[in-house]
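Asker: Attaching a predicted model along with its sequence, questions to come.
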Amino acid sequence: MAYDKYGGVPGTHQTGPIASEYGFRVGDKWENHEVIDDKGTLFPIIIGRAAASLEKGDLVYISGWNASDELPVMTKAQANEAHTSAQFVAVEDADSGDPVKVSGYAMITGIDTDSETANEPVYLSIGTAGEWQDAAPNGNDEVVQPVGTCLASDASDGAILFYPMYGKAMMVAFV
């Protein structure tokens with residue numbers, strides 16, 4: 001599905017506040033972006049531009065601004081430097097250069113969490129950009145950023161409650 005620069009579907013904008021699956025439109029801006037999961041939980045959503053191909057559950061940060069469509073550029077996060085730490089989690093797949101929905105707090109289901117333990121924290125990965133790991137980094141120049149909690153461990157139907165924005169406040173850098 002294609003989105004315009006305000007997160008809406010082209011050709012569907014109306015004047016005045018309107019509600020849709022993308023949030024509430026007030027004037028020419030979208031506000032209070034929310035998505036509802038299959039359990040009815042509300043999560044704040046923003047629309048960004050994918051710097052590379054992203055999969056649902058990839059951890060990202062804002063690396064720049066796309067002036068042509070007025071969207072932040074989302075790049076895969078990695079724990080090897082503080083400035084590349086996670087701010088959001090992708091809530092859908094996106095090809096490089098396409099719009100992508102991301103959230104600072106969201107439950108992602110239907111993912112491979114077989115190597116994680118239910119009810120245990122997950123951390124931003126050191127070795128693979130955009131990924132998480134079950135052990136906290138502990139080496140030199142590595143950032144410890146808790147990014148979520150594994151809710152269900154399964155090879156295809158796993159679930160993680162991601163909170164990278166909250167984990168960013170708790171992160172520690174080993175120097």
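Answerer: Yep, that arrived. Numbering: from 1, shown residues only.

Asker: This structure: helices as residue ranges?
Answerer: Using DSSP state H, the helices of the chain run over 164-170.

Asker: And the pLDDT at the residue nearest to the spatial centre of it?
Answerer: Centroid-nearest residue in the chain: V89, 1.4 Å away (criterion: CA atoms, centre = their mean). Here the pLDDT value assigned to V89 is 94.

Asker: Contacts only, for it.
Answerer: Applying CB atoms under 8 Å, 6 or more residues apart in numbering to V89 gives the contacts 57-60, 102-104, 106, 108, 147-148, 162, 164. For every residue, glycine as well, the C-beta is placed using N, CA and C.

Asker: Tell me how many other residues surround Q87.
Answerer: Look at Q87: counted by other CB atoms under 10 Å, it has 18 neighbours.

Asker: From D157, how far off is it?
Answerer: Per CB to CB, to the nearest Å, Q87 is found 27 Å from D157.

Asker: Okay, S115 and Y166: tell me how far apart.
Answerer: In terms of CB to CB, S115 sits 23 Å off from Y166.

Asker: er, A94 I mean
Answerer: Counting by CB to CB, the gap from A94 to Y166 is 24 Å.
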